Every structure is written in structure tokens, then in C-alpha cells.
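In: okay, structure incoming, though there's no sequence with it:
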């Protein structure tokens, strides 16, 4: 099984060391993982910092980038630094693109931001790179935020992380053959809604580890501390229980 939704780096006040996270995941997912750096969310972050983190990670693991697959977490802020997907790919072997509309403020009413999105999705389709998009219930990260692009770039595979809300995700899974979801932080209730529409074949395995660990140790208040390894054991078991299509996606 391939875990398509893993993170490394800084998340709020916690830094998740890339090598430690990857070693834990690879202990379970022999087929590999896709990871991106939450360091990209840090206020005022320079892309060069993220690039160094990813580069150092790949240089110090015993697996190739075909097994441990880095995703380019792209923020509109990076465009102001002269960073495009094409330039980023020249230095690192990214295997996909990650977008977080809530954390990185993707304002699609802004023409420059729209242009950035078009450029990313066109590039992704041309080079067969999946685009993982965070979804949530805050409005700015609704599954429909980027839906205008789905029919414009039929060669680009879009993965709606978390499938939240399920009611908004399901029509997109039904209407666009290039749109998928994943199991990261996907509730059993929402998975049942997806199953009831016969859409399990559109759901990919993913855990969002170690963000699961971050929240598990904070909510509810007074929750007992669990180790990273134990958390991933739980995450992996749930991901496996969902019985998704696994690795049939061509990219």
C-alpha cells in the first residue's frame, strides 16, 4: 500500500523530523509514500528553506524518490520569490503538487493568483503530476473552491484531501473523472456516505500523519501522550480498513 498523504517539517510549534517520520511510515508502507513539508505554512517562509529541507531529506534516506515521493507544497507567496513549478522541478524530483487554500490564502479573486493556479495545473497535466488539494469546512477551503479548473485540465488528476464536507465532495467525484479523494482524516461516517454512492473507487489511501499525532495529543484536553510509532500504527490500520482502490491511480 502507498500512503499518498504524509507530512514532514514544522507544524505550528512542533517540528517533525523528516527522516524519523519517513522511517516510521516505511516500516508499514512497503510500497512507499508521498510527502510534503508543512514548513511551507510558516509565515514569511522562503522557498529556499523548504527546498533545502526536502533536498537534505532525499539525500539521507536509503530509498529513491520513486518510493519516497516528494510533493511540491506550493504557496502563491513563492511566486513573488520567482519560484515556478518548472523551476522547482529543475532542482528536486517532485512527484506531485500540494495546495492548501486555507493555510496559504489562495485568493482566486486576484488575477495574479488565478494565473498561478492555471500555470500549476497546466504543468501538472503536462508532466502527469497529481495535485493534492486540502479541503475543509471553512469556506475558503471548500472542495468546490478549485472546481472551475477541473474541466479545464482533464489531464490533471486532482485529489481532494479529507473529502470535507462529504456532501460537497461527492458531486465532484461523480462529475469529473479526473477528481479523486483520500482517506486522510476521513471519518467513518463520511466514508459510509461515499460508499453509499458507489464511489469507493475514487478514494485513495492517505493518513495525514503526523498531523494526526499532533491533534491526538492535544484534543480532548488531558489525552494521554502516544508515540509517533503508535499513532501511525493506528492511522495505518484505519487506512487499510477503508479498503480503497490502493495504487491503481496511474500517477
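Out: Sure thing, it's come through. What you see is a predicted model, and the numbers here were worked out from it, not measured in a lab. Numbering: from 1, shown residues only.

In: quick one: the helices in the stretch 1-150 of the chain?
Out: Counting by DSSP state H, counting those that start in this stretch, one finds helices in the stretch 1-150 of the chain at the ranges 18-26, 47-59, 76-79, 85-91, 111-126.

In: quick one: the residue nearest to residue 14 when sequence neighbours are not counted and residue 126, what's the gap?
Out: Distance criterion CB to CB, 6 or more residues apart in numbering; nearest residue to residue 14, sequence neighbours excluded, is residue 214 at 6.0 Å. The C-beta positions use only the backbone N, C-alpha and C, and glycine is treated the same way. Distance check for residue 214 against residue 126: by CB to CB, to the nearest Å, it reads 35 Å.

In: who has more neighbours out of the two?
Out: residue 214 (19 against 13; other CB atoms under 10 Å).

In: the more buried one against residue 13, yeah?
Out: No. The pair residue 214 / residue 13 is not scored as a contact, 9.5 Å apart, by CB atoms under 8 Å.

In: for residue 91, give me its contacts.
Out: The contact partners of residue 91, by CB atoms under 8 Å, 6 or more residues apart in numbering, come to 51, 55.

In: check residue 232 too.
Out: By CB under 8 Å, 6+ apart, residue 232 lies in contact with 24-25, 28, 207, 209-210, 213.

In: need the pLDDT of it.
Out: pLDDT, residue 232: 97.

In: how much space between it and residue 9?
Out: Distance of residue 232 to residue 9, given as CB to CB: 16 Å.

In: now do residue 58
Out: Per CB to CB, residue 58 is found 14 Å from residue 9.

In: so which of the two has more stuff around it?
Out: Counted by other CB under 10 Å, residue 58 and residue 9 do not tie: residue 9 has more neighbours, with 24 against 17.

In: so what's the more buried one bridging to?
Out: Beta-bridge pairing for residue 9 (DSSP bridges): residue 16.

In: was I right to think it contacts residue 38?
Out: Yes. Residue 9 lies in contact with residue 38 (CB under 8 Å); the separation is 4.8 Å.

In: pull up the overlap in contacts between these two.
Out: residue 16.

In: now the stretch 51-200 of the chain, which segments are flagged as low pLDDT?
Out: By pLDDT under 70, the stretch 51-200 of the chain has no low-scoring segment.

In: next, count neighbours for the nearest residue to residue 49 once chain neighbours are set aside.
Out: Distances taken as CB to CB, 6+ apart put residue 39 closest to residue 49, at 6.7 Å, once the chain neighbours are dropped. By other CB under 10 Å, the residues close to residue 39 number 21.

In: do residue 101 as well
Out: Around residue 101 there are 22 other residues, counting by other CB under 10 Å.

In: OK, contacts around residue 8?
Out: Residue 8 touches 16-18, 21-22, 35-38, 53, 57, counting by CB under 8 Å, 6+ apart.

In: could you check how far it is from residue 145?
Out: For residue 8, the distance to residue 145 equals 25 Å [CB to CB].

In: before we move on, what about residue 137?
Out: Separation of residue 137 from residue 145 (CB to CB) stands at 12 Å.

In: who's more crowded, those two?
Out: Legend: neighbour count by other CB under 10 Å for residue 137 and residue 145, higher for residue 145 (20 against 11).
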